[in-house]
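Enquirer: Starting from these lines, generate the structure:
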Amino acid sequence: MNNKLRNAANPQTDAASPTARESWRMFGIMAEFVEATERLAPIRPAVSIFGSARLGPDHPYYLQAEKVARLLSDAGFSVISGGGPGIMEAASKGAFHGRSPSVGLNIQLPQEQQSNSYQNISLSFRHFFARKVMFVKFAAAYVVMPGGFGTLDELMEALTLIQTGKSRRFPLILMDTAYWQGLLDWFRERLVADGMIAAEDLELLQVIDEPEQVVDAIFKHYEGRGFEPLPQEHELLLNL
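Expert: Model (predicted):
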């Protein structure tokens with residue numbers, strides 16, 4: 001074995017080797033996927049809730065997210081959030097005081113992300129992409145509260161996966177018409193009008209203002225089929 005191969009196999013012999021560090025980093029990524037899959041397998045059915053990390057407990061969006069999460073938890077859904085402050089904390093808090101588990105998929109960030117204390121199941125991720133897979137893989141629905149780049153990132157990821165057939169179709173619910181209307185108008189007036197997406201792609205989204213209606217919409221989507229992935233959907237989830 002030459003020195004390059006030896007150092008790749010045992011990065012401790014050459015801690016500064018970029019190749020060795022990159023190779024061994026793969027094991028850390030694998031570990032995130034394995035641990036998360038094993039710990040989240042029992043939580044179904046679950047709903048992922050997203051929203052801004054920058055809102056305090058007295059903000060109307062925070063209070064609305066807390067109410068939605070509590071209703072979902074009492075209805076039998078585990079609630080998955082990002083585990084941090086703001087809307088994430090509100091979602092965790094509502095679920096924590098309900099009947100079903102509160103799940104936090106925390107991300108290690110230089111700023112903003114501090115884990116909230118309302119988590120029955122708490123996981124920590126270094127890699128956004130591994131965390132994003134878990135949000136989709138174990139969710140029967142997305143509830144998207146007002147938020148910034150991170151919230152938009154999660155929303156667009158789910159839209160792309162469903163539109164391209166890489167994920168099963170599940171409810172994507174935007175809460176607060178006034179907040180999202182401008183984006184939806186732009187989708188229609190630019191993306192659809194310019195042929196960037198099909199008009200029917202907008203049907204992947206629902207806009208709901210009342211927390212009780214969120215729960216009703218999710219139950220309606222799964223009426224007659226149950227929440228567990230169908231065989232063909234299970235295959236899609238395995239290949240996310």
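Enquirer: for this structure, which spans come out with low pLDDT?
Expert: Counting by pLDDT under 70, the low-confidence segments of the chain come to 1-16, 111-113.
Enquirer: just checking, next helix/strand downstream of the longest helix along it?
Expert: The longest helix of the chain (DSSP state H) is helix 18-40. On the C-terminal side of helix 18-40, the closest following helix or strand by DSSP states H and E is strand 46-50.
Enquirer: Would you mark the buried spots in that next one?
Expert: If you call a residue buried by 16 or more other Cβ atoms under 10 Å, then strand 46-50 has these buried ones: 46-50. Where you see a C-beta, it was placed from the backbone N, CA and C, and this is true even at glycine.
Enquirer: separation between residue 98 and residue 62?
Expert: Remark: distance between residue 98 and residue 62 (Cβ to Cβ, to the nearest Å) = 16 Å.
Enquirer: Those two: who's more crowded?
Expert: Neighbours around residue 98 and residue 62, counted as other Cβ atoms under 10 Å, are more numerous at residue 62. The numbers are 23 against 20.
Enquirer: For that one, pull up the helix or strand it's in.
Expert: Residue 62 is part of helix 60-74 when elements are defined by DSSP H and E.
Enquirer: what about residue 59, neighbour count?
Expert: Residue crowding around residue 59 was assessed by other Cβ under 10 Å; the count is 16.
Enquirer: What sits closest to the residue nearest to the spatial centre of the chain if chain neighbours are left out?
Expert: Residue closest to the mean C-alpha point of the chain, counted by Cα atoms, centre = their mean, is residue 135 at 3.2 Å. Once its chain neighbours are removed from consideration, residue 135 has its nearest residue in residue 48; the separation is 4.8 Å (Cβ to Cβ, 6 or more residues apart in numbering).
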